[in-house]
Structures are given as C-alpha cells and as structure tokens.
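Visitor: Predicted structure and sequence below. I'll ask about it afterward.
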Amino acid sequence: MDSFLKQAADIDRLRYLYSRAAFGATPAELEEMARKPLRKVVRQLVRESDTMVDLNVVEPDENKSKKQLKGLVRDGQLDREMLKERIRENAERVRDLNLQWLDRMATGKAALREKMALFWHGHFACRTQGRNPLFTQQYANTLRQNALGRFGDLLMAVSKEPAMLQFLNNQQNRKNAPNENFAREVMELFTLGRGNYSEHDIKEAARAFTGWQFTPEGQFIFRERVHDEVEKTIFGKTGAFKGEDVIAMLLEKKQTAHFITSKIYRFFVADGPVNETEDKKRVDDLAEQFYKSSYDITDLMETIFTADWFYDPKNRGAHIKSPVELLANLRHTLGVQFDQPQPQIFVQRTLGQLLFYPPNVAGWPGGKNWIDSSSLLFRMQLPNYVLKAADVTVRPKDEGDVNTQLLARKGNNKFRTTVDWTSFEAAFTKTSDAELTDAIAVTLLPFPLRADQRTLLKKQTKPGQTRSERIQTLTAAMMSLPEYQLT
C-alpha cells in the first residue's frame, strides 16, 4: 500500500497541525514529517521561525510624509493632482507590502512566525492614515519581529509604532487636552478586555500617555513639554505615571494573560466563544502558564501544539480559513505563482480580508463571518480560477474606502498563474491508481471522503486522462469542495 495511506493517521494529524500553525503543507512535507515524533515536528516549526527577514518596499528617507508636502505646493496652493498622484503612489507601496508579506506566508519558511504575525495583525488592528507606506512597513515588521517573543515586548513595541499612535489619535493626546482613544483601546482590545477597567482608569491612563508621539520620519518620540506630569491614580495606584508605567501595570494583571490566551485559543484551537467547561479549564491553565512564563509566546504555542486535546476530533474542520489563509495555503500546497500582482489583491478584497486594511480597530471578526452568500461561491470557485488561469467576472465588495478602491484597478481579475505540478505529483509516484484519490484527499481535506463526494470526483475525471491530468483534475475538484475551506 502507498506510504500515504500507511501513514494516513499521522499525515492527517500533520495536515491539521500545519493548517493551524502554518499555511498548510505540501504532500512531500507531510510525508517527510510523518517519520518524526510530533514533538520534534513542533520544535522544527519553532526553529524554522527563529530568524526573520524584514519586509522592505520603502526606505526611511523615501517617506511620503509631512516634510514632502512642500513638493505638493505650487504658488502657495496645494496641487490637488499631485496630491492624488502621491496618494496613489502610497497605496501602491502598501499593496506591494501586502504582496511581499503574502509571498513570505506562501513560501512556508518561518511559517509559524508569519501565522502568529497574522494573528497579531488582527489583534493589534491598524490602518495608517494617508496609507503611509513607511509607517505600515514598520508596523508589519514589528509584529513579525516580536510574534514569537514575549507579549510584553510586543505590546510595548506596537504601542510605540507611529502607525498605531496615529491610528488611535495619540498625537493629539496632550496635557490639558487629553485624548482617551489610545488608552481605551490598549485596555479594551489589546490587554484586559471590555469590562475589566473603569472609566476613571481610562481617563488617568490617557494622561499618562500624553507625550507619546512620532516624527514624520517614523520615529517614536517622547515630548516632555506636552506630557502631563501631575500624579495619576490608575488601578488604585497613585504616582506621576508615564505610558511605560501603564503598560507595566497591565502586564501585572492576570486578566491580561487570560484575555490574550483566550484569543489565541479561539484562533488556533476552537473557533468561536470558549463556552464549554473543558475549554475554559484549558484556557485557565494555559493563561496561568503564560503569566508565570512572563508572557512567553513560543512556550505557550508549543504547549498548545503538543497537547493531545489540540488534535481532538471536535476541533477538526471547525475553523474556517480566512481569505489570507486560504490564498497562502493554496499557493504553498501547489507552489502557485501569479504572473501579475493584482489578482491577489482582488481575492482579498472580494473575500473580505485585505492585509493592512482591517475594517476597524477591533480587527476582522473571523469565524462564520468569513462566509456569506456573496463570497461562498467565489471561495469554492477560487481553486479553478487559480489553477486553470481563468478570467473572473465577480466584483469585489465595495466597503466605501477610496484607498482600497485604488488597488482594484485594471487587470485585477486576470488570473494568470504558474503551478508547480511537477513537485506536487512527485509525492504520489508510488501511489497506485486505486489509492490515488484517497492519498490526495488525506493531504488536502480535514475529513475522509463521503460516498457522494467520491461519486462527484469520479465524474470529474475522464477516460483516457494521463496520470498527471488525473492528479490535477482530482486536486482542483477537492479544493473546490466546501471542506477545503475548513481546517
């Protein structure tokens, strides 16, 4: 019997691990990993993410920011055509950053780091005003750099990013005129969760964050002259606190560890609210470990991925792939390369998850929100569009953002791709024709094929097809099943 079916249980478990902890795995990767103990596989995922290469589409001295506005003024008047051109250039740089990050996800290198960074992008959701490419690039690299480190370091670093300070209006937070937006979101969305602080805590913390600003060149700066030095009382403590003191207080609270652990558990383990007693107990235990480890993210993720309960059948197929996960997974599994960049932006917009354009400060809601009547059909047709290089007539959703509309210009629905079928097919060289369907299915789908699915797949293949043609037909058909949308 083919090695895939001999090791079907191990390969199914690894397919599940790589779909949750990474962006899928090729059949060859699954076959190789199936020879190793699970703990070593998880360690390898971690080890491969030890290093990071920065995303880079703009240099600091190229920043299209305040100091360059001088070039947009003619005869004392703002040149609106030049301003439009500048906005278009910025949008294209952010698009390039989007595609560069998606490429990193799809390669499979440092996959755990990139998957964690995608999670943090939803947690620390942020859009830069004016689509500032330098601020966006710095923000993305900060997420990626700290994705597997200590949460306290990540929280501090992201909180000081110009993109975040700008998005949450802290540049306008000054003594005698405090702006509470930044302080509120740091507590409500980034650390404690709603209801675990008072309005007084927010008001006092906002005063502590006065002076946290940034330069046009993208550098964090503390401006003492606008900082409120008067004593504040936060969480029952009184002192002349600054922003760093507030961050430290938040990390001292076990509620922060519990809130973050709950979100990680929902994202990587059980999609949706943690309601069952068993899940609550696990989250409580994980949160306690997370807190005692000084918020060590890698330690937390290793514990999750090596736990028997992570592989519980009730969790299999319970997570709907986000649009970015779906696209990166498809690309990695089959080595897909797009001849032109625009279709990948088109897919993200159409399915409702455009990197660097979260809908609001709370990020993408995820779960069943990824699926609606307008997107489900396109999701299921996507593999055929990509693998068969077809033109698409679907229009992306119009969420009213002129900046995202700039990314949806000509040629965005011309799907021209190169697929590495040679590598994919090579993994099934020893597979008999009789076992081929099941061997492919175990690498792509979270559940065994049902009788009606087998009948459907059989109808897709045609008499006289070469083996290569049959593999390609079966693969495209399986990727078009509803179950391929799940992990």
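Guide: In hand now; what should we look at?

Visitor: From now on I want contacts and neighbour counts done on CA atoms only, so please keep to that.
Guide: OK.

Visitor: And the pLDDT at residue 64?
Guide: In this model, residue 64 is scored at 48, pLDDT.

Visitor: Just confirm residue 357 is within a strand.
Guide: No. Residue 357: not assigned to a strand; according to DSSP: H, G, I helix; E, B strand; the rest coil it is coil.

Visitor: Who are the contact partners of the residue nearest to it when sequence neighbours are not counted?
Guide: Residue nearest to residue 357 in three dimensions, not counting chain neighbours: residue 127, with 5.8 Å by CA to CA, 6 or more residues apart in numbering. Residues near residue 127 by CA atoms under 8 Å, 6 or more residues apart in numbering: 136, 163, 164, 167, 356, 357, 358.

Visitor: can you put the residues you listed in CSV and add pLDDT and distance to residue 177?
Guide: Compiled in CSV, those are given as follows (pLDDT from 0 to 100; distance: CA to CA, whole Å):
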residue, pLDDT, distance to residue 177
136, 97, 28
163, 97, 21
164, 98, 20
167, 97, 18
356, 97, 30
357, 96, 29
358, 97, 29
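
Visitor: Highest neighbour count among the residues you listed?
Guide: Counting by other CA atoms under 10 Å, residue 163 has the largest number of neighbours within the contacts of residue 127, with 27 neighbours.

Visitor: Helix or strand next in line after the helix or strand hosting that one, which one?
Guide: In the assignment (DSSP states H and E), residue 163 maps to helix 162-167. Where DSSP H and E defines the elements, the next helix or strand beyond helix 162-167 is helix 181-185.

Visitor: Now the helix or strand just after that following helix: buried residues?
Guide: Remark: after helix 181-185, the chain's next helix or strand is helix 199-208, criterion DSSP H and E. Neighbour counts over helix 199-208 (16 or more other CA atoms under 10 Å) mark 201, 202, 203, 204, 205, 206, 207, 208 as buried.

Visitor: Closest one to residue 99 out of those residues, please.
Guide: residue 206 (35.9 Å; CA to CA).

Visitor: OK, contacts around the closest one?
Guide: Per CA under 8 Å, 6+ apart, neighbours of residue 206: 173, 178, 179, 180, 181, 182, 183, 184.

Visitor: Surely the second one touches residue 208?
Guide: The reference is to residue 178. No. Applying CA atoms under 8 Å as the test, residue 178 and residue 208 come out as separate, 9.4 Å apart.

Visitor: So which residues of this structure form strands?
Guide: Listed in chain order, the strands of the chain (DSSP state E) span 73-74, 77-78, 212-214, 220-222, 232-234, 237-239, 337-338, 417-418.

Visitor: Going by contacts, tell me the helices and strands next to the last one.
Guide: Yep, that's strand 417-418 we're talking about. Applying 3 or more CA pairs under 8 Å, 6 or more residues apart in numbering; DSSP states H and E, one finds that strand 417-418 contacts strand 337-338.

Visitor: if I pick residue 137, what's in contact with it?
Guide: Per CA under 8 Å, 6+ apart, neighbours of residue 137: 55, 56, 57, 58, 94, 97.

Visitor: Select from those the one having the most neighbours.
Guide: Result: residue 94 is most packed of these (other CA under 10 Å), 26 neighbours.

Visitor: So for that residue, what's the pLDDT?
Guide: 95.

Visitor: Could I have the PyMOL command that selects the buried members from the contacts of residue 206?
Guide: A single PyMOL command selects the buried members of the contacts of residue 206 (16+ other CA under 10 Å):
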select buried, resi 173+178+179+180+181+182+183+184
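
Visitor: Closest to the mean position in the chain, which residue would that be?
Guide: residue 118 (2.1 Å; CA atoms, centre = their mean).

Visitor: Which of the contacts of residue 137 fall in helices?
Guide: Secondary structure from DSSP state H places 94, 97 of the contacts of residue 137 in helices.

Visitor: any idea which of the contacts of residue 137 is closest to residue 219?
Guide: residue 58 (14.9 Å).

Visitor: Can you name the residues that contact the closest residue to residue 15 other than its chain neighbours?
Guide: Closest residue in space to residue 15, ignoring its immediate chain neighbours: residue 443 at 6.2 Å, by CA to CA, 6+ apart. By CA under 8 Å, 6+ apart, the residues touching residue 443 are 11, 12, 15, 26, 27, 30.

Visitor: burial measure for the last one, as a count.
Guide: Meaning residue 30. Neighbour tally, residue 30, other CA under 10 Å: 22.

Visitor: now the helices for the stretch 201-350 of the chain?
Guide: Per DSSP state H, counting those that start in this stretch, the stretch 201-350 of the chain carries helices over the ranges 243-252, 254-268, 277-292, 297-305, 323-334, 342-351.

Visitor: okay if I get the ones you listed as JSON lines plus mean neighbour count and distance to residue 101?
Guide: Below are these laid out as JSON lines (neighbours: other CA atoms under 10 Å; distance: least, CA to CA, whole Å):
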{"stretch": "helix 243-252", "mean neighbour count": "17", "distance to residue 101": "29"}
{"stretch": "helix 254-268", "mean neighbour count": "21", "distance to residue 101": "20"}
{"stretch": "helix 277-292", "mean neighbour count": "17", "distance to residue 101": "28"}
{"stretch": "helix 297-305", "mean neighbour count": "19", "distance to residue 101": "21"}
{"stretch": "helix 323-334", "mean neighbour count": "23", "distance to residue 101": "10"}
{"stretch": "helix 342-351", "mean neighbour count": "22", "distance to residue 101": "12"}
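
Visitor: can you list the ones you listed in CSV and add distance to residue 418 and mean pLDDT?
Guide: CSV is the format used below for the helices of the stretch 201-350 of the chain (distance: least, CA to CA, whole Å; pLDDT from 0 to 100):
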stretch, distance to residue 418, mean pLDDT
helix 243-252, 47, 98
helix 254-268, 31, 97
helix 277-292, 43, 95
helix 297-305, 33, 98
helix 323-334, 10, 98
helix 342-351, 13, 94
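
Visitor: Mind putting these into TSV with distance to residue 314?
Guide: Below are the helices of the stretch 201-350 of the chain laid out as TSV (distance: least, CA to CA, whole Å):
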stretch	distance to residue 314
helix 243-252	33
helix 254-268	13
helix 277-292	12
helix 297-305	15
helix 323-334	21
helix 342-351	26
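
Visitor: Could you work out which of those helices reaches nearest to residue 150?
Guide: Using CA to CA, the helices of the stretch 201-350 of the chain put helix 297-305 closest to residue 150, at 5.6 Å.

Visitor: report the angle between the axes of that closest one and helix 277-292?
Guide: Here the directions of helix 297-305 and helix 277-292 differ by 160 degrees (axes from the mean of the first three to the mean of the last three CA atoms, to 10 degrees).

Visitor: Can you give the contact residues for helix 297-305?
Guide: 17, 21, 42-43, 46, 147-151, 286, 289-290, 293, 310.

Visitor: what's the farthest-apart pair in the residues you listed?
Guide: Farthest pair in those, by CA to CA: 17 and 293, 23.7 Å.
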